[in-house]
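Participant: Have a look; sequence and predicted model below, questions after that.
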Amino acid sequence: MLNIGGLHEGFVLDHIEAGKSMEIYKYLGLDKFDCCVAIIKNARSNKMGKKDIIKIECPVDQIDLEALGFIDHNITVNIIQDDRIVEKKRLSLPQEICNVVKCKNPRCITSIEQELDHVFVLTDPVKGIYRCKYCEEKYRKRKKK
C-alpha cells in the first residue's frame, strides 16, 4: 500500500489525465521551487480508470495555477491550509493564455520580436480552440496516441 503524508499548506491536483503529471510539473516550474512535491502516476480511479495526482507543499500564493485549465480543464485543485481542505476548485478553459505555448507561424511578430509574450485567445470554447493574439494562427494540440 502506497502511503504519502498529508499537507500542512499547499495544493493537491487531482483528476489529472494519466500520464500528464510531468507536463504539469514542468509547466509550473516545480523543479525551481524549494518545496515538497509528490507525483502519483496511474493511480486507480473509479471515474477515470487511471489518473495522476500531484501534491505540492508550499505557500498557496507561491504557484500560479491559472493555465492549468488550458492543459487539462478536468483537474480538481484542492487548496490545503492548516492541514485541511479549505477550497476545491474546478477548472475551466481560460479566456487567454500567456507563454504557455508558442506560435508556430514563422511570419508572426513573436518570431521576430523575441521578447514579446506568446498570447493565445480562446476563440471556440466548445472545441477548445485558441488563436494567436497577433497573427490569429490556430493552436493545434497534439493528438493522443
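Facilitator: Great, that's in hand.
Participant: hang on, Lys102 in a strand?
Facilitator: No. Membership of Lys102 in a strand is not supported by DSSP: H, G, I helix; E, B strand; the rest coil, which gives coil.
Participant: Could you report the neighbour count for the closest residue in space to it that isn't next to it in sequence?
Facilitator: In space, not counting the residues next to it along the chain, Lys102 is nearest to His118; the distance is 5.0 Å by Cβ to Cβ, 6 or more residues apart in numbering. Heads up, the C-betas are built off the backbone N, CA and C, glycines and all. Using other Cβ atoms under 10 Å, His118 has 17 other residues around it.
Participant: And for the biggest helix by length in the chain, what's in contact with it?
Facilitator: If you go by DSSP state H, the chain has its longest helix at helix 21-28. Defining contact as Cβ atoms under 8 Å, 6 or more residues apart in numbering, one finds that helix 21-28 is touched by 13, 16, 31, 37, 39-41, 52-54, 56, 63-65, 67-68, 71-72, 75, 100.
Participant: mind listing what the residue nearest to Lys102 touches?
Facilitator: Contacts for His118 were tallied using Cβ under 8 Å, 6+ apart; they are 98-103, 110, 132.
Participant: could those residues go into CSV alongside distance to Met22, neighbour count and pLDDT?
Facilitator: As requested, the contacts of His118 are arranged in CSV below (distance: Cβ to Cβ, whole Å; neighbours: other Cβ atoms under 10 Å; pLDDT from 0 to 100):
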residue, distance to Met22, neighbour count, pLDDT
Cys98, 22, 13, 90
Asn99, 19, 11, 88
Val100, 16, 17, 85
Val101, 17, 17, 88
Lys102, 19, 13, 92
Cys103, 24, 22, 94
Thr110, 26, 20, 95
Cys132, 26, 21, 97
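Participant: Out of these, the closest to Ile85 would be?
Facilitator: Comparing the contacts of His118 against Ile85 with Cβ to Cβ places Val100 closest, at 26.8 Å.
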